[in-house]
Structures are given as C-alpha cells and as structure tokens.
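Peer 1: how would this look folded up:
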Amino acid sequence: MERRQALAGIAAAAATLAMLGGAAGGAAAQDAVKVGLILPMTGPFASTGKQIESAVKLYVQQNGATVAGRKVEVVLKDDTGPADTTKRLAPELIVNDKVSVLAGFGLTPLAMATAPLATQGKVPMVVMAAGTSVITERSPYIARTSFTLAQSSAIMGEWAAKNGIKKVVTLVTDYAPGHDAEKFFKEHFAAAGGTVAAELRVPLQNPDFAPFLQRVKDAAPQGLYIFVPSGQGAIVMKQFVERGLDKSGIKLIGPGDVVDDDILNGMGDAVLGTITAHFYSAAHPSPKNKAYVEAFKKATGGMRPNFMSVGGYDGMHLIYEALRKTGGKTDGDALIAAMKGTAWESPRGPISIDPETREIVQNVYIRETKRVDGEIHNVEFATFQAVKDPAKVKK
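Peer 2: Okay, here's the model as predicted:
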C-alpha cells in the first residue's frame, strides 16, 4: 500500500512538472536564485531542522545574499518528518516557487521520495542530513554534504576490533540508515576479528529501547554498538542508565548520532567514556571550527552546533560555489556538474564532493565523550583521512 501511494504521488508530481514544461526554464527566468529548503521544523526530528536552518542562515549572513550577481533566496518548508508531506512540498517548490535547487532532507525516506522529482525537473538536490548510502544513486541530480552511515560505521567496526572490543551486540533503528550502520559495522568488525553476538532493531517512531537494552545486558558483550537518529540519543541514554548498563562494564560505541552535540550536555555522566566514530564534533580543534561554533552560538542564543548543522552550512557553500562556477546560471545540468569535485575547508576539516558518486569525502574521527571545562564534549583522538563512502568504493 505504501509503495502504491508513493508511486502515485511521484506520478502526479511528475505530471504536474511535465504540464508546466518542467522546472528548469521557469527557475532560470527568475531574478533571484531560489533554494527550496525542506526540513522537519516541528515533530520528533525538529532538532535536525533547527540546526540546519540556523546554519543556512549563518552562512548567508556571513557570505552575503548575492553570488555571481544573483540574489539568493531561501524558501523554507516544514515537512514535519513524514515522506508524504515531503512529496507534496517538493513539487510545490519546483512548480510554484520555481526553485533552482532543493536542499535539506532530514531523513532518508524524505530524500528518497524527492529524488524522482529532481530527475524529472532537472533540479539539483543537496542532501544536508540524510545518511543512507543509496540516496545519491536515486538521481543524477543529487549531491550530498552530510555523511553516509557507512563512512563512520565501517571505521568504528575496524577500530573497535583492533582495540580490544571483540564481542559486540548491535542495536540500531529499523530503517535504511540503521541497516547501513549495522551492515557496515558488522562487515568491518568481523574482518578485523570481532564477533557480533546479536543484532537488534528498534522502531523509528516512538521507540522504547528498554526491553532491547535488557537483552543486551543479559548477553553480557564487551561492547554495545548503537545507532539512533539525531535527537534520540537522550532517550537511549536514559534507558541505558535505568537498566543499569552504565555500571555493567559494557563499552558503549557507535557512530556519532547517539552522542549528538545538540543534546550532549543534558545526557549526564552516564554518557562519559562513550567511543564514537564521526565526522564532526563541536570540540574539533581547528581555528575555523572554533570561529564557527562561536558564531553559531551567537546567532542562535547559545545553541551548540551539531553534525547536522555543518551539513547545512557546507550545503550552502556548495550551492554558492556552483553558482560562481556557472556565472550565476541555474541550468540544472550545469549546476550539478559544477558541484562535482568541489573541495574546501569546512569547520569539520577538509572535504570534497566525489566527482563520480557526488558523495562527500571527509575525515572520520574517533572520539571519546569527556567532561571538559564543565561541559560534555566529544573529544577527538584519532583521524581517518579522506574517507569515501565504503558502499561505493570499488573493490
């Protein structure tokens, strides 16, 4: 039923685009270059939307609202989380608002629902959050400035097995990014000599981790590998403590989503000592990041930037750079071509867009969650440089 509804929605949107002659011609006729930003600003994933929106605003504030002689206008739409809403908003932005670029996409299902529309309308789509590897394969007009779960999960699996954690239970959210996190961790963990004793999956909506955590405690592994979407880490940690796992000797490891900078200070001492692999920490010790954190906090009334924020900040940079390369022209094919191979220094470190896959290439850092100067931070202590998406690396 869900597949039929999705196909029907895509078909209706495609028919609308075709009827109006597609999006590319309409967008080019506008004086302003419009960026359609689709984010969950309300609902259970609102923290993702607020982080990215704040970063986008900050980038425009710092770099001006004009690039290559064209004014840039951001049109924000709240999809609240469900893919059905995104499938309605995306064609409205393309047809009615005549956006030249679509951006945002807080969750994988939302990006996947929009991909056919980007192809039909020849509208570049910059994924600033969603992390499933397959997304960029769904349309030649997609580029990603966030991450893939495979990047950090593969690194975490390799590091854990080589650093004394040999028996692990995995606990992931039961949707595509969670499946990627589970798959690539297990593959690289096993290849380095580790054993996955059990694989547990929890629902995306309204998760109750408690019964799963009890099964973890009963299994008594050396490590618990966790992936949950940004914003749900606090729920996991609360139930982790309630089940006594914080005193069980089980090492908590995973990609960085579980220790999201946005909510880290509220997690308490139970989170201390967690080891994660991730591409960004607010404590990343570069001058560029220190300036970014300071500016972000100032612009948001003290909110700490998280990994979603840099996906938005760098997404705007990629759009600006593409417009510079095209001389302000908004032809979809020209813009996506201009994005390929772009490289720059981000608050997270050096990054680039792989010209073949349109995926981000970035450092992945091993971090330990520590208390520093009265606040809890993810402190980096090892670096894996220029990591490509393992799902797309030719073997």
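
Peer 1: show me what contacts S352?
Peer 2: Going by C-beta atoms under 8 Å, 6 or more residues apart in numbering, S352 touches G341, T342, A343, W344, I360, V361, Q362, A386. In this view, the C-beta of every residue, glycine as well, is placed from N, C-alpha and C.

Peer 1: number of nearby residues for V379?
Peer 2: Neighbours of V379 under the rule other C-beta atoms under 10 Å: 16.

Peer 1: Look up how far V259 lies from it.
Peer 2: Between V379 and V259 the computed distance is 11 Å (C-beta to C-beta, to the nearest Å).

Peer 1: Overlap in contacts, these two.
Peer 2: Counting by C-beta under 8 Å, 6+ apart, the residues touching both V379 and V259 are R367, T369.

Peer 1: Would you map the strands across the stretch 51-200 of the chain?
Peer 2: For the stretch 51-200 of the chain, strands defined by DSSP state E, counting those that start in this stretch occupy the ranges 66-67, 70-78, 101-104, 125-127, 142-144, 167-173, 195-202.

Peer 1: Now mean neighbour count and mean pLDDT too, for the ones you listed, in CSV please.
Peer 2: Below are the strands of the stretch 51-200 of the chain laid out as CSV (neighbours: other C-beta atoms under 10 Å; pLDDT from 0 to 100):
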stretch, mean neighbour count, mean pLDDT
strand 66-67, 17, 97
strand 70-78, 18, 97
strand 101-104, 31, 98
strand 125-127, 30, 98
strand 142-144, 27, 98
strand 167-173, 24, 97
strand 195-202, 16, 96
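
Peer 1: Looking at the ones you listed, which is nearest to L264?
Peer 2: When those are compared by C-beta to C-beta, strand 167-173 sits nearest L264, at 18.7 Å.

Peer 1: Output the contacting helices and strands for the closest one.
Peer 2: Packing contacts for strand 167-173, counted by 3 or more C-beta pairs under 8 Å, 6 or more residues apart in numbering; DSSP states H and E, involve helix 176-191, strand 195-202, helix 210-219, strand 223-227.

Peer 1: leaving aside the residues next to it on the chain, what's closest to G49?
Peer 2: Excluding its sequence neighbours, the residue lying closest to G49 (C-beta to C-beta, 6 or more residues apart in numbering) is L39, at 3.7 Å.

Peer 1: mind checking how far I226 is from F209?
Peer 2: Applying C-beta to C-beta to I226 and F209 gives a distance of 9 Å.

Peer 1: Give the intersection of the neighbour lists for these two.
Peer 2: Taking C-beta under 8 Å, 6+ apart as the criterion, I226 and F209 both touch L171, V236.

Peer 1: if you count what's nearby, which of these two comes out ahead?
Peer 2: When neighbours are counted by other C-beta under 10 Å, I226 and F209 differ, and I226 comes out ahead with 32 against 23.

Peer 1: my guess is V101 meets V126, correct?
Peer 2: Yes - counting by C-beta atoms under 8 Å, V126 is a contact partner of V101 at 6.2 Å.

Peer 1: if I look at the two, which residues touch both of them?
Peer 2: Common contacts of V101 and V126 (C-beta under 8 Å, 6+ apart): I319.

Peer 1: looking at the helices and strands packed on strand 167-173, which is closest to D331?
Peer 2: The nearest among the helices and strands packed on strand 167-173, by C-beta to C-beta, is helix 176-191 at 31.2 Å.
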